[in-house]
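structure for this input, please:
(chains A and B)
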Protein chains: 2
Amino acid sequence: MTEDSRLKRDVAVIGVGQTKFGEHWSQSMREMAVEAGVKAVEDAGISGHDIQMIIGGNMSSGMFTGQEHSSALLADYLGLNPIPAIRTEAACSSGALAMRVGILAIASGMYDFVAVGGVEKMTDIYGPQATTALSGAMDYDTEAYFGATFPGIYALMAQRHMHQYKTTREQLAMVAVKNHENGFLNPVAQYRKKITVGDVLASPMVADPLRLLDCSPITDGAATVILASADMAKKYTDTPVYVKATAQASDTLSLFSRRDITTLDATVEAARRAYSQAKLTPKDIDMAEVHDCFTIAEICAYEDLGFAKKGEGGKLMQSGQTTLGGKIPINTSGGLKSKGHPVGATGIAQIIEIVKQLRGDAGKRQVNGAEIGMTHNVGGSGATAVVHILSRNR
Amino acid sequence: MTEDSRLKRDVAVIGVGQTKFGEHWSQSMREMAVEAGVKAVEDAGISGHDIQMIIGGNMSSGMFTGQEHSSALLADYLGLNPIPAIRTEAACSSGALAMRVGILAIASGMYDFVAVGGVEKMTDIYGPQATTALSGAMDYDTEAYFGATFPGIYALMAQRHMHQYKTTREQLAMVAVKNHENGFLNPVAQYRKKITVGDVLASPMVADPLRLLDCSPITDGAATVILASADMAKKYTDTPVYVKATAQASDTLSLFSRRDITTLDATVEAARRAYSQAKLTPKDIDMAEVHDCFTIAEICAYEDLGFAKKGEGGKLMQSGQTTLGGKIPINTSGGLKSKGHPVGATGIAQIIEIVKQLRGDAGKRQVNGAEIGMTHNVGGSGATAVVHILSRNR
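Coordinates of the predicted model:
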């Protein structure tokens, strides 16, 4: 297998914007995307007319709202016609794919300024229908068709992890507690409410061992970042954040086809590629936003990204090193669990949190002296994984 | 507005493969995509392991089959894990967007070989539901919600074109007749059947003035091309086909918001950008595959791409110059009308026809001495338009 080669041009983030995440009964998909887009353009200090292309991550606006063709719709409502608009999709990692395509587009030399966003409007349909739409992320013919749901799939991963590595029910709960602590400090989070391990253990069972407070919610939201060629970035901002790696890998959609259901091989491979591109190791990462769609997913991410040895993700959580103030704070934004998980927007919201941290703009969530951050966005139960590494230094 | 800049690296097509287009009751989406992918890899004479990324155009597998996350699924079923896989979508131009992203990815320097495909499985759901899924390409809130369908939208364009420019009902029919003549010669076409102007005029009314034989069909199919950096292409084939332009533009999704409903401004702008990138004019194009989702769409494309003056598209059709053997043969493949229109695959199938023509491999459809060809793929009623120019010469 060949390796990723070096990009022809460096790329930087020069602006960010997002809506509050939550249940937005009075805002449509297009209205949320416009809000996030305008905020990002204002933050970048550029004119909308400088933007040359839109890439928009969206998982399933067709099944959620009847509307496909969402990126062209947003170019239209943002007043940016006739620039090109492309939707990217790989389930819950659709946002990170928009970021990747935006980076490739700038590195190609064809464009200097690209708006990269993600949006999902999930509350317009009846709850069980949302579960059906989300099931489109798994292998429909061999999983969804037979009644599998995502809580069920991740519950299998959790059961096996607890059996094989003695990961405890309490360690899973600590992920949710930590992320709610962080989300409490994040003005755009869906749930700004602290919870305890006892709350998690007392919450209703969804799919054994996962309870309600182990699960990320159904969320409406949009997020946008403005990318520029690194050579131009300094003209627009004193604090550009540089892309050091953009890596992606694939695995089977169906969980039962995997070598090991407690390891996301796609995450392992995407991380390996990212570290190789950036010439860094896990020890060099100051903080990360990881894909905690369920609490077990964050435990696995610790291991698959190289922050803990295989099987020791639960112990890393329990050690406190991934809390704000720990050695490697994880999900300072509140993560998918507390900040919310509008699936197509999540990958971009993760980028925004790291950019804010590296700029020193994260307020009460600020990680002191942060230089290098990572994002980790997963599609389905790990068929797609995308890892970005961002840095204050070019 | 800024212009497209030159790509950092040239890109070539080194392999093509597609399924027959039609109603494939015994083949699923994944099976069709694998068939097309394997054929393209074999045609390129490379190993599957040389491929570094998959980009797959798909409009709406979620609404058609329940399956999102289609490109990762195809990486899986093609045995290509762990390479990255990205789905692109802009309604019926999803395939051409996959082509664009593949080109940008190679030009970026990160990848040398990218498989670019498109697939749509449209016959798994009840016919009227297919119309509903396709309506996701228009502005849902202002068009589809109120009952608009695509035949209705294009019928409005046809009515206005006939009123304003005296385009005749017979000229529209001639588009279908010509494309069936061509499709009759194409082994992969859905309808290999010649028809007459009388047949079109006697076919059932769908949306006045458009009759059944003015409309492209519901189709299953997949198409794949293998892209390589131009510097590597000659090692794999004696007949690489070079990408001279990749251009895209956006317009309002809703037809009623347009400046003029007989002109696709997105096509005009994408063509302008394409000619500028390639340093060519309409006179330099030897043949084109254009987006004839309805007969009126091909008439408008003649005008918007610069092959006819505004309002004279019908006359150009009537002149016979766009038939095989004419001055500028259009839709030698049979077009969407006769070859079929599996929406996500169409943009790639257009590329394949031009590649076959430029290689001299088009059999009875061969355009003699063809050097430069164009593809024109449209999303919705013109919210997205994508134009590629391909050449035998670098």
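
correct me, but A:Glu312 touches A:Ile299?
No - in terms of CB atoms under 8 Å, A:Glu312 does not count as a neighbour of A:Ile299; the distance is 9.4 Å. Heads up, the C-betas are built off the backbone N, CA and C, glycines and all.

neighbour count winner among the two?
When A:Glu312 and A:Ile299 are compared for neighbours, A:Ile299 comes out ahead with 31 against 17, by other CB atoms under 10 Å in any protein chain shown.

find the helix or strand that the more buried one is a member of.
Taking DSSP states H and E as the definition, one finds A:Ile299 inside helix A:295-304.

now for the helix or strand following that helix, which elements pack on it?
Once helix A:295-304 ends, the next helix or strand along the chain (criterion: DSSP H and E) is helix A:313-319. With contacts defined as 3 or more CB pairs under 8 Å, 6 or more residues apart in numbering or on different chains; DSSP states H and E, helix A:313-319 has these neighbours: helix A:150-165, helix A:169-184, helix A:295-304.

contacts made by helix A:313-319 with the rest, please.
A:161, A:165-168, A:170-172, A:174-175, A:178, A:298-303, A:307-308, A:322, A:326 (CB atoms under 8 Å, 6 or more residues apart in numbering or on different chains).

can the least confident helix or strand in chain A by mean pLDDT be found next to chain B?
Sorting the helices and strands of chain A by mean pLDDT, DSSP states H and E puts helix A:127-135 at the bottom, at a mean of 90. Yes - under the criterion of CB under 8 Å from any CB of the partner chain, helix A:127-135 makes contact with chain B via A:132-133, A:135.

leaving out chain neighbours, which residue sits closest to the residue nearest to the spatial centre of chain A?
In chain A, the residue lying closest to the centroid (CA atoms, centre = their mean) is A:Gly347, at 3.1 Å. Excluding its sequence neighbours, the residue lying closest to A:Gly347 (CB to CB, 6 or more residues apart in numbering or on different chains) is A:Gly95, at 2.7 Å.

near chain B, which residues of the stretch 151-300 of chain A show up?
Taking CB under 8 Å from any CB as the criterion, the neighbours of chain B within the stretch 151-300 of chain A are A:248-253, A:257, A:265-266, A:269.

can you classify A:Leu97 by secondary structure?
The three-state label given to A:Leu97 by DSSP: H, G, I helix; E, B strand; the rest coil is helix.

excluding covalently adjacent residues, which one is nearest to it?
A:Thr88 (4.0 Å).

which elements pack onto the host helix or strand of the one you found?
In this structure, A:Thr88 sits in strand A:85-89 according to DSSP H and E. The contact analysis (3+ CB pairs under 8 Å, 6+ apart) places strand A:85-89 against strand A:53-57, helix A:70-77, helix A:94-107, strand B:85-89, helix B:94-107, strand B:241-250.

so of these, which one's packed in deepest?
strand B:85-89 (a mean of 33; mean count of other CB atoms under 10 Å in any protein chain shown).

starting at the chain centroid, how far to it?
16 Å (CA atoms, centre = their mean, to the nearest Å).

sorry, back to before: A:Arg359: which of the helices and strands packed on strand A:85-89 is closest?
helix A:94-107 (17.2 Å; CB to CB).

tell me the average confidence for stretch A:112-125?
Model confidence over stretch A:112-125, given as mean pLDDT, is 96.

that stretch: end-to-end distance?
38 Å (CA to CA, to the nearest Å).

so which bits of it are buried?
A:112-125 (16 or more other CB atoms under 10 Å in any protein chain shown).

do stretch A:254-267 as well
So stretch A:254-267, judged by 16+ other CB under 10 Å, has buried residues A:254-255, A:258, A:261-267.

which pair of the residues you listed spans the longest distance?
So, those by CB to CB: farthest apart are A:Ser254 and A:Thr267, at 16.7 Å.

okay, now the unreliable bits of the stretch 1-150 of chain A?
For the stretch 1-150 of chain A, applying pLDDT under 70 flags the ranges A:1-2.

show me how the record splits chain A into domains.
The record's domain parsing of chain A by automatic domain parsing lists A:11-125+A:219-236, A:137-216+A:241-391.

hang on, the earlier thing: quick one: the strand holding A:Thr88 to helix B:70-77, angle?
Here the directions of strand A:85-89 and helix B:70-77 differ by 50 degrees (axes from the mean of the first three to the mean of the last three CA atoms, to 10 degrees).

quick one, strand A:85-89 and strand B:241-250 angle?
Per the same axes, to 10 degrees, the angle that strand A:85-89 makes with strand B:241-250 is 100 degrees.
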